[in-house]
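Q: coords please:
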Amino acid sequence: MRPTFAVALAVVVLTLLGYGQDEVPTFKAEAESAFVWGGDSRSGVLSSSVRDPLTGYETRTLNHGGVEVSSQVGLETIVDGPTVKLLTFTTTIVNNTDAELFVRQGRASVDGHVAQPLPLVLTKKGLRKKERNQVWELASMNCFASGFLPNEIFLSPKTLSTVFTVSPKKVLTASFVIKDPRYYSVVCSVEGCHPKGTIRFSVTVNATDFVFVWPGRDMAYCGR
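A: Residues are numbered from 1 along each chain as shown. All right, here's what the predicted structure looks like:
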C-alpha cells in the first residue's frame, strides 16, 4: 500500500470512529499520526500476524519505534430478551522504550456505523437494580469467562480513568466491548459464525492511533 493511500485511509477511518460519539471522551481533534494494520509505509511501522496452531485464531500486531500493539477480536451472541451480538476487542501494548506511554480509550466502527464501548463491570453482584440495568457484566460473556480474552483491564465509560499508563519495559492488556449496531449481521455455517462486513477499531498510544481493520470472516467466535 502506498504511503499516501495509507494516510488517506487512516484519515477516513479516524473520521468514522470519531464522529457522533457525544458521550465518549475525545482526546485530540487530529492525531499527530495514525498507523493502519496492513498499510506499512516508509515511516517504519511493521504489520505482522500469527495464528494459534490449535484454534486457528489470529493475532495482528503493529510495531513502531519500540512500541508493539497487538490485536485480538471475538464475537459472541447473548440472549438478554432479544438476541444481541457483541464484538470484543483486546489490545496488548508492549513498551520497549525508555519512556512512559499513555493509552487512551478504544474506538470502533462496523461497516461505517460508529459503535460506542459498552459500560462494563466485572460482576453485577452488589449493584442496585437500577445500576444493574445500566451495565454489562463481563462474567456473563463467554469470551471472557472461557479465558479466550483477558478481563484484567477493560476500557469502558464506567471506568474511573480513560487514560492508562504503560511504564518502560512493561506490558498492558486492555479490552473493550461493543454491540453490533446492525440487524442480521452474522453468517453461520458448520465452520462457525462470523459477522458480515468490516470492523475497524483503534487505540491511541500517546498521540498515535493504532488502527486495526478486521474483515468479519476473520473474527473468532468465542461464544458458547
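Q: Check whether the residue positioned nearest the centre of the chain sits in a helix, strand or coil.
A: In the chain, the C-alpha closest to the average C-alpha coordinate belongs to Phe89, at a distance of 3.3 Å (CA atoms, centre = their mean). Here Phe89 takes the strand state, with states given by DSSP: H, G, I helix; E, B strand; the rest coil.
Q: For it, which non-adjacent residue is closest in space?
A: Phe201 (4.9 Å; CB to CB, 6 or more residues apart in numbering). Yep, even glycine has a C-beta here, placed from its N, CA and C like the rest.
Q: what's the answer for Gly38, then?
A: Per CB to CB, 6+ apart, closest to Gly38 is Ser47, 5.3 Å.
Q: Touching, the one you found and Glu68? I think so.
A: No - look at Ser47 against Glu68 with CB atoms under 8 Å: they stay out of range, at 11.4 Å.
Q: quick one: average pLDDT of stretch 204-215?
A: The average pLDDT for stretch 204-215 rounds to 92.
Q: Quick check: buried residues in it?
A: Using 16 or more other CB atoms under 10 Å as the test for burial, stretch 204-215 gives Thr204, Val205, Thr208, Asp209, Phe210, Val211, Phe212, Val213, Trp214.
Q: Then stretch 180-187?
A: In stretch 180-187, counting by 16+ other CB under 10 Å, buried: Asp180, Pro181, Ser185, Val186.
Q: from the middle of its chain, how far away would that stretch be?
A: Averaging C-alpha positions (CA atoms, centre = their mean, to the nearest Å) puts stretch 180-187 18 Å from its chain's average.
Q: tell me which residues form a beta bridge with the residue nearest to the centre of the chain?
A: As for beta bridges, Phe89 partners with Val73, Phe176 under DSSP bridges.
Q: Check which helix or strand the residue nearest to Phe89 maps to.
A: If you go by DSSP states H and E, Phe201 is part of strand 198-205.
Q: ok, for Ala212, nearest residue in space, not its chain neighbours?
A: Small correction: residue 212 is Phe, not Ala. Ser71 (4.3 Å).
Q: Specify the local secondary structure of that neighbour.
A: Per three-state DSSP, Ser71 ends up strand.
Q: pretty sure it is touching Arg60, no?
A: Yes - contact criterion CB under 8 Å: Ser71 and Arg60 qualify, at 4.7 Å.
Q: So which of the two has more stuff around it?
A: When Ser71 and Arg60 are compared on other CB atoms under 10 Å, the one with more neighbours turns out to be Ser71, at 23 against 19.
Q: Thanks a lot, see you next time.
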